[in-house]
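Enquirer: kindly generate the corresponding structure for this input.
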Amino acid sequence: MTDGESDHLTLATGGYDHTIKLWQAHTGICIRTMQHSDTQVSALEITPGRTMLAACGYQHIRLYDMISNNPIVNFDGVSKNISSVGFEETGKWMFTGGEDHHVRIWDMTSNNPACKRMFDCMSPINSVCLHPNQVEMAIGAQNGGVYLWDVKSDAHEQLIPEVDASVQSIAISPNGALMAAVNNKGKCYIWSLNTTSSSKLSVLQPKHKLDAHKKYALKCKFSPDSR
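Expert: Next comes the predicted model:
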């Protein structure tokens, strides 16, 4: 994760030693170590305002001030590991997804952030991605399901591109035109995303099925220019 201009880049790392470290990326110097007690760090994200860091793990979601070593907020109500975290572009809300089958939307506008919306996938969640329209969430689950969820209307759609294959990662292109997902059988699926006046959700149209890897696929990502 990066923060600021190239000569002031901050890199955040976290792992199984229950710590989060902030680094000056241009010098390689560690400038801060935060204790993330009782759990590994499984997901990290810096807020759009670059002032706070969300860190997730087993049964814990914490928000740290970038200039302090202690968490300023502990989010309650999660029972298992959190695999994904991210923020709406203005930082008004945060989303998380994890092994308890739920995607949660957390209100970040109050001093005591709380879960204001929740979506149940009926399966452990491996990956969550926010559409550039800041309304739709793409979700990949271990039951092979790919979900599209409108956080405002609560409309949703599910498809299973391959039976008995866990969806490991999901991504939407920065221009919102394409969605991709990879699974534990090495396959990559690509859909076009189209908006219509008759549908509350983007319409998914299958575009490509790729034999991307001979073994387990872990991540997929679009280039920043959507090309």
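Enquirer: tell me what the least confident helix or strand in the chain by mean pLDDT is packed against?
Expert: When each helix and strand of the chain is scored by mean pLDDT, DSSP states H and E, strand 71-75 comes last, with a mean of 89. Applying 3 or more C-beta pairs under 8 Å, 6 or more residues apart in numbering; DSSP states H and E, one finds that strand 71-75 contacts strand 60-65. In short, each C-beta sits where N, CA and C put it, glycine included.
Enquirer: just the CA trace of stretch 24-39, in CSV.
Expert: Taking C-alpha atoms only, stretch 24-39 is exported to CSV below (Å, rounded to 0.1, in the frame of the first residue of the first chain):
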residue,chain,number,x,y,z
GLN,A,24,9.6,4.6,4.2
ALA,A,25,9.5,2.9,0.8
HIS,A,26,12.2,5.0,-0.7
THR,A,27,14.7,4.4,2.1
GLY,A,28,13.6,0.9,3.4
ILE,A,29,13.5,2.3,6.9
CYS,A,30,10.9,1.0,9.3
ILE,A,31,9.3,4.0,10.9
ARG,A,32,6.7,2.4,13.1
THR,A,33,5.7,-1.1,14.5
MET,A,34,2.2,-1.6,15.7
GLN,A,35,1.1,-4.6,17.8
HIS,A,36,-1.9,-6.5,16.3
SER,A,37,-2.5,-8.8,19.3
ASP,A,38,-4.3,-12.1,19.3
THR,A,39,-4.3,-12.6,15.5
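Enquirer: for the residue nearest to residue 186 when sequence neighbours are not counted, grab the count of nearby residues.
Expert: Spatial nearest neighbour of residue 186, chain neighbours left out: residue 213 (3.7 Å); criterion: C-beta to C-beta, 6 or more residues apart in numbering. For residue 213, the count of nearby residues is 14 (other C-beta atoms under 10 Å).
Enquirer: how about low-confidence regions in the chain?
Expert: Scanning the chain for pLDDT under 70 picks out the ranges 1-7.
Enquirer: quick one: buried residues of the helix or strand following the least confident helix or strand of the chain?
Expert: Of the helices and strands lying after strand 71-75 in sequence (DSSP states H and E), the nearest is strand 82-87. For strand 82-87, burial by neighbour count (16 or more other C-beta atoms under 10 Å) applies to 82-87.
Enquirer: hang on, isn't residue 153 packed against residue 200?
Expert: Yes. Between residue 153 and residue 200 there is a contact under C-beta atoms under 8 Å: 5.1 Å.
Enquirer: quick one, which of the two is more surrounded?
Expert: Set side by side, residue 153 and residue 200 show more neighbours around residue 200, with 15 against 11, by other C-beta under 10 Å.
Enquirer: any idea how far that one is from residue 92?
Expert: 21 Å (C-beta to C-beta, to the nearest Å).
Enquirer: residue 112 in helix, strand or coil?
Expert: coil (DSSP: H, G, I helix; E, B strand; the rest coil).
Enquirer: so the nearest residue to it once chain neighbours are set aside bridges to which residues?
Expert: Nearest in space to residue 112, with sequence neighbours left out and distances taken as C-beta to C-beta, 6+ apart, is residue 73 at 8.0 Å. Beta-bridge partners recorded for residue 73 (DSSP bridges): residue 63.
Enquirer: who are the contact partners of residue 73?
Expert: 62-63, 112-113 (C-beta atoms under 8 Å, 6 or more residues apart in numbering).
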